[in-house]
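1. Sequence plus predicted model, see below.
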Amino acid sequence: MAGQTGRTVPAQVAAKLYGAVDVIAENGLANTKIEQIAAASGVPKATLYYYFAGKEEILAFLLRDSLAYLAGAVATAAEAPGSGRDRLAAVVAVQIEHTLSNSATSRALIGDLGRAAQLPELAQAVQAAFYDPIAQVLRDGADDGSLRAVADPDEAALSIFGTVIMTGLIHAVVGTERSAETITASVLDLLLQGLRPG
């Protein structure tokens, strides 16, 4: 993957950059200095400037990389055999597991969501990793009868995204003892059973 300078970032540099995600997540990008990113990642400041125009692009690179990985895993879950309901459960499980396993990256994304939303490639990556797969399995579930048809699958996908990402983030930040499977089961119970009394 290339930085804004057009230079391809070597895998070893990309891997080290993840060492700076905690610093960015804790301080916010505006309060993080390039020197802190260099110190936390072990990548010299001169090397960072060789591949990136600045700290904004470093964060964008990390988010793109993380979201590309997530989008691949989500696409596999969304396109697997089974009912729309089964695939919705699989997509939610993948998203929660990713959020818990990459809590600093997820916190950095949410912390700078306004900035991320202004970068077209990041907005597209979020769309591919979260909204589109959920909207598609909602449509498929309505077609196969495993899920109730909703008036606007895209709007419903946005609501589900909020539920999934915030639940995962809160557990990741608090450092819960609950497993990803237990958290997923709780989210799916709410999504699939609702709050109406039985």
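-> Yep, it's here. Residues are numbered from 1 along each chain as shown.
2. Flag the shaky bits of the chain, pLDDT-wise.
-> By pLDDT under 70, the low-scoring segments of the chain are 1-6, 109-119, 198.
3. Please enumerate the helices of it.
-> Using DSSP state H, the helices of the chain run over residues 11-17, 21-27, 34-41, 45-51, 55-78, 84-101, 103-111, 113-117, 120-126, 132-144, 153-174, 180-193.
4. got a markdown table for these, with mean neighbour count too?
-> C-beta: built from backbone N, CA, C; applies to glycine. Below are the helices of the chain laid out as a markdown table (neighbours: other Cβ atoms under 10 Å):
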| stretch | mean neighbour count |
| --- | --- |
| helix 11-17 | 15 |
| helix 21-27 | 19 |
| helix 34-41 | 17 |
| helix 45-51 | 16 |
| helix 55-78 | 19 |
| helix 84-101 | 22 |
| helix 103-111 | 21 |
| helix 113-117 | 14 |
| helix 120-126 | 15 |
| helix 132-144 | 20 |
| helix 153-174 | 17 |
| helix 180-193 | 15 |
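5. and for stretch 30-50, what are the contacting residues?
-> Contact with stretch 30-50 is made by 5, 7, 13, 16-20, 22-24, 27, 54-55, 58, as judged by Cβ atoms under 8 Å, 6 or more residues apart in numbering.
6. ugh, wrong one, stretch 78-98
-> With Cβ under 8 Å, 6+ apart, stretch 78-98 has contacts from 69-70, 73-74, 76-77, 106, 129-130, 133-134, 136-144, 146-147, 160, 164-165, 167-168, 180-181, 183-184, 187-188, 191-192.
7. Work out the gap between that stretch and the centre of the chain.
-> Per Cα atoms, centre = their mean, to the nearest Å, the displacement of stretch 78-98 from the mean C-alpha position of its chain is 15 Å.
8. export it as PDB, just CAs?
-> The C-alpha trace of stretch 78-98 is given here as PDB (Å, rounded to 0.1, in the frame of the first residue of the first chain):
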ATOM      1  CA  ALA A  78     -21.400 -12.300   4.100                       C
ATOM      2  CA  GLU A  79     -21.000 -14.500   1.000                       C
ATOM      3  CA  ALA A  80     -20.900 -17.800   2.800                       C
ATOM      4  CA  PRO A  81     -23.700 -20.400   2.300                       C
ATOM      5  CA  GLY A  82     -26.700 -20.200   4.600                       C
ATOM      6  CA  SER A  83     -29.600 -18.000   5.300                       C
ATOM      7  CA  GLY A  84     -29.400 -14.200   5.500                       C
ATOM      8  CA  ARG A  85     -29.900 -14.600   9.300                       C
ATOM      9  CA  ASP A  86     -27.000 -16.900   9.600                       C
ATOM     10  CA  ARG A  87     -24.800 -14.600   7.500                       C
ATOM     11  CA  LEU A  88     -25.800 -11.600   9.500                       C
ATOM     12  CA  ALA A  89     -24.700 -13.400  12.600                       C
ATOM     13  CA  ALA A  90     -21.400 -14.300  11.000                       C
ATOM     14  CA  VAL A  91     -20.800 -10.700   9.800                       C
ATOM     15  CA  VAL A  92     -21.500  -9.300  13.300                       C
ATOM     16  CA  ALA A  93     -19.200 -11.900  14.900                       C
ATOM     17  CA  VAL A  94     -16.400 -11.000  12.500                       C
ATOM     18  CA  GLN A  95     -16.800  -7.200  13.200                       C
ATOM     19  CA  ILE A  96     -16.900  -7.600  17.000                       C
ATOM     20  CA  GLU A  97     -13.900  -9.900  17.000                       C
ATOM     21  CA  HIS A  98     -12.000  -7.400  14.800                       C
END
